[in-house]
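**Student:** Could you look at this predicted model? Sequence included:
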Amino acid sequence: MSEYVLEMTGVCKAFPGVKALDNVELKLRPGKVHALMGENGAGKSTLMKCMFGIYKMDQGQILMDGQPVTISDPMDALSKGIAMVHQELQPIPARTVGENIFLGRYPMKKALGFIPMVDHAKMYADTANLLKRVRMNFDPKQKVGELSVSQMQSVEIAKAVSANCRVLILDEPTSSLTANEVEALFRIIEDLKAEGVAIVYISHKMDEILRIADEVSIMRDGKYIGTWEAGELTTEKIITRMVGRELTNLYPKRENTPGEVVFEVKDFTSINPRSFRNVSFQLRKGEILGVGGLVGAQRTELMEGLFGIRSHTTGQIFYKGKELTITRPKDAIDQGVAMLTEDRRGSGIMGVLSVADNISIASLNRYLDHGCFINGKKVEQLVQDNVQKMNIKTPSSKTLIKSLSGGNQQKVLVGRWLANNPDVLILDEPTRGIDVGAKYEIYCIIADLAKEGKSIIMISSEMSELIGMSDRIMVMCDGRVTGFVEGNEATQENIMTYATQFE
Amino acid sequence: MEATKQAGFGKKLVKIVTRNPIVFLLLIAAIVVGCLVENFFSWANLTNLLSNTAIRFLIALGVSGCLITKGTDLSAGRQVGFAAVIAGIMCQRGDYNGRLWKFLPEMNIGLVFVVVVIFGVIWGMINGFIVTKLHVPPFIATLGTQTIIYGISLVISDAQPIGGFQKIYTTLINGRIGNVKGFHLPYLLFVAAVFGIVFWFIYNKMRFGKYMYAIGGNDVAAEVSGVNTTRTLMRIYTTAGIMYAVAGYLLAAKSGGASASMGQGYELEAIAGCTIGGVSTTGGIGTVPGILIGVLVFELLKIILQFLGVNPYYNYVVQGLVIVLAVSLDIRKYIAKK
């Protein structure tokens, strides 16, 4: 009997033009949490997709209990006891919890002895048991669309558990959870460990890794770097191995000096009673105002409200003393406000269009000849300026943006906004899903912009980023602004105190 | 060096062929048919092909904006029919006994053109309003309006064929220049060329075009980037209406008569032409030259079937198959990348 429940050795996988995996190995022990770490593009997801049968390996071997197996597709993986909870959940919102869990393998019964029918009673009874196992107590007949993100995730985990899995892959499971929900998830993980399930845990969050992982494997550029006992590691050691160099400074030195108040919001309230309400704040010239809070604090909603993506009932916005009327993003843009949205793929990039089209779309008025024809040379100049200034890696300005990495896409989007020369920039999670190196570059860009006198509002869910980059931090909880913290006095503790001031 | 260059060219050619399989399959079919059937490679046939293509191209240009923004316009054919009916009625001779609108004096055909285009604008704006303000999916919205428009055409024309056009109307539009062994350059070709060039400029050099591609690429991102998506979509459907009106006006004169059923099914031909020519049903992709090739190839298919002496009823079967094939091949490009 092997000491490992599952081993992958010598795994190679190439895509046209890139070697995504180069002789990678991964060995999972039963009842242990195995963290898999690496920058974006290091090959973690590719490796998991090979294990789960979504991709076929070019070379390499998978052993389960020491016996070689082949996994042809996800159904095959499930039947062998491998389950995966994807980073982006894909439930069917209009169907019930039970139907989602048993999708594709509904318990059947024979009505009148011969008509095959779904056995709903059994399905919901089983669902209730499964939910109990993952410490959730909502109704199995509830529609999944009515659940919160963390509850949906629990449903996914319950689904994995229901397949009697022996290996469970969790891909960035906490990226949209609140602190309490993370605790609940960790309890579930502890339960599963006790049952002998091997868990692969993919995350960028160091504190989580150090807390729950037993072993850590690190990958870089498609190569396997090594596996260590979690106890031997520190944040610095992990980062050094992930990026392959010493990272001395996580954040650039800022040289901006906040000046007079340029932007002011008074008593801003959403049309949705559960969203932001009575928000007032001021923003100074050349200031970086961080916005902290738990997921669900309505920070994004507030900013989208200010930018005209969402509607508000009462409230005023002043820019240099003049009141602004904003009903759609165009109004805000015309007044010199820009907003980098949180969901890069959903509301940022236009994937099938070129880098040039993506970078120029918000500022086309600036490149017109005779007020009507777009001057291609001016657009090309814009692209080249940005490529140089921000070190954007793209083969050409005609390359489709979807083929760039997340960090480079983000830089293109920053370029899109800077082309309009805005005075107020709202950045919503500007470094989400970007690897460590590119993050630092984005921080430098933000610091430079503040130095030039631009006023910046930055929403971030990463505490260290908030503390490291902000002159002042506005903390929200449940739709209200609960407090402000000066950047040099900010600590995780005082931010969390404000962030958890529920009414 | 020379060898590698040639290899590179060969690779490029293979790439072009594999990306546009239907275009090349039909070109090969045309060559085969041309060698087997007499008169296929004739100047008269070429004239015929080009003037058929010209009008279909105008309609396809109209619908292309809707397709590029992930919408569609099923009312295209019925709008063409409506325009043909209105143009036909208003262009009837003053001394023609069967005149429908006897209260009208004999109209100047230029004025008729303006009136027909105004109706096109109205239909387009109605479609645009339903899609952008009432938020009805374009497929359903235009499915509804096409029925409405057909009904109105039937009422106006009293379901009768309309004839007795002024001579200047039919001769002008069927006019052509040159005569080389039976090959003429029809005026229609120039009309199509002018619109093609105008659309190329709009799609590539103007804000409107860039906004259109942006909405097709990601409508939320476009709105967030300051594109007034409502206004842009409104303009797209209105522009489409104008193109159908122009096509209907020309079609009535070309056929020498009009009826409410004119233009039936043209929306599907136009959508098929666009798709064969590389306009993607997933949005954000499509070029004017591509649309031209797509329409041309689809017309070529029809002529091939005609020359092969296929029972005309089978034409529909073959055309339908080509449409399904074209879209399935288009979709495959995106599936394969996953």
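**Tutor:** Thanks, I have it.

**Student:** Kindly report the residues of the stretch 201-338 of chain B close to chain A.
**Tutor:** Residues of the stretch 201-338 of chain B lying close to chain A by C-beta under 8 Å from any C-beta of the partner chain are B:201, B:205-207, B:210-211, B:213-214, B:216-218, B:220-228, B:280, B:282-285. C-beta: built from backbone N, CA, C; applies to glycine.

**Student:** Swap in 6 Å and give it another go.
**Tutor:** Residues of the stretch 201-338 of chain B lying close to chain A (C-beta under 6 Å from any C-beta of the partner chain) are B:205, B:207, B:210, B:213-214, B:217-218, B:220-221, B:224-226, B:228, B:284-285.

**Student:** Looking at those residues, which is nearest residue A:46?
**Tutor:** residue B:218 (25.6 Å; C-beta to C-beta).

**Student:** Hmm, residue A:350 and the closest one touching each other?
**Tutor:** Yes - under the criterion of C-beta atoms under 6 Å, residue B:218 makes contact with residue A:350 at 4.3 Å.

**Student:** check contacts around the residue in chain B positioned nearest to chain A.
**Tutor:** Going by C-beta to the nearest C-beta, chain A is nearest to residue B:217 of chain B, at 2.9 Å. Counting by C-beta atoms under 6 Å, 6 or more residues apart in numbering or on different chains, residue B:217 touches A:350, A:352-353, B:284.

**Student:** try it again with 8 Å
**Tutor:** A:350-353, A:357, B:283-284 (C-beta atoms under 8 Å, 6 or more residues apart in numbering or on different chains).

**Student:** just residue B:239 next, same as before
**Tutor:** Residues in contact with residue B:239 (C-beta under 8 Å, 6+ apart) are B:62, B:65, B:124.

**Student:** want to throw those residues into JSON lines with distance to chain A, secondary structure and pLDDT?
**Tutor:** Compiled in JSON lines, those are given as follows (distance: C-beta to the nearest C-beta, whole Å; DSSP: H, G, I helix; E, B strand; the rest coil; pLDDT from 0 to 100):
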{"residue": "B:62", "distance to chain A": "21", "secondary structure": "helix", "pLDDT": "97"}
{"residue": "B:65", "distance to chain A": "16", "secondary structure": "helix", "pLDDT": "97"}
{"residue": "B:124", "distance to chain A": "21", "secondary structure": "helix", "pLDDT": "97"}
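
**Student:** Can you name the residue of the stretch 201-350 of chain A nearest chain B?
**Tutor:** Closest point on the stretch 201-350 of chain A to chain B, by C-beta to the nearest C-beta, is residue A:350, at 2.9 Å.

**Student:** what's the closest non-adjacent residue to the residue of chain B closest to chain A?
**Tutor:** Closest residue to residue B:217 apart from its sequence neighbours, by C-beta to C-beta, 6 or more residues apart in numbering or on different chains: residue A:350 at 2.9 Å.

**Student:** burial count for that neighbour?
**Tutor:** 25 (other C-beta atoms under 10 Å in any protein chain shown).

**Student:** gap between it and residue A:328?
**Tutor:** Relative to residue A:328, residue A:350 is positioned 18 Å away (C-beta to C-beta, to the nearest Å).

**Student:** Next, show the common contact partners of residue B:218 and residue A:350.
**Tutor:** Common neighbours of residue B:218 and residue A:350, using C-beta under 8 Å, 6+ apart, are residue B:284.

**Student:** which ones among the contacts of residue B:217 are found in helices?
**Tutor:** Mapping the contacts of residue B:217 onto helices (DSSP state H) picks out residue A:357.

**Student:** hmm, which of the contacts of residue B:217 are the buried ones?
**Tutor:** Listed as buried from the contacts of residue B:217 are A:350-353, A:357, B:283-284; burial here means 16 or more other C-beta atoms under 10 Å in any protein chain shown.

**Student:** Let me have stretch B:163-174 in PDB, keeping just the CA atoms, if that works.
**Tutor:** Taking Å, rounded to 0.1, in the frame of the first residue of the first chain, the C-alpha atoms of stretch B:163-174 are listed here in PDB:
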ATOM      1  CA  GLY B 163     -46.800  47.200 -61.800                       C
ATOM      2  CA  GLY B 164     -47.000  50.100 -64.300                       C
ATOM      3  CA  PHE B 165     -43.900  51.800 -63.100                       C
ATOM      4  CA  GLN B 166     -42.600  55.000 -64.700                       C
ATOM      5  CA  LYS B 167     -40.200  54.200 -67.400                       C
ATOM      6  CA  ILE B 168     -37.400  56.300 -65.900                       C
ATOM      7  CA  TYR B 169     -37.600  54.400 -62.600                       C
ATOM      8  CA  THR B 170     -36.900  51.000 -64.200                       C
ATOM      9  CA  THR B 171     -34.500  52.100 -66.900                       C
ATOM     10  CA  LEU B 172     -32.400  54.200 -64.600                       C
ATOM     11  CA  ILE B 173     -31.900  51.500 -62.000                       C
ATOM     12  CA  ASN B 174     -31.500  48.700 -64.600                       C
END
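
**Student:** All good on my end, thank you.
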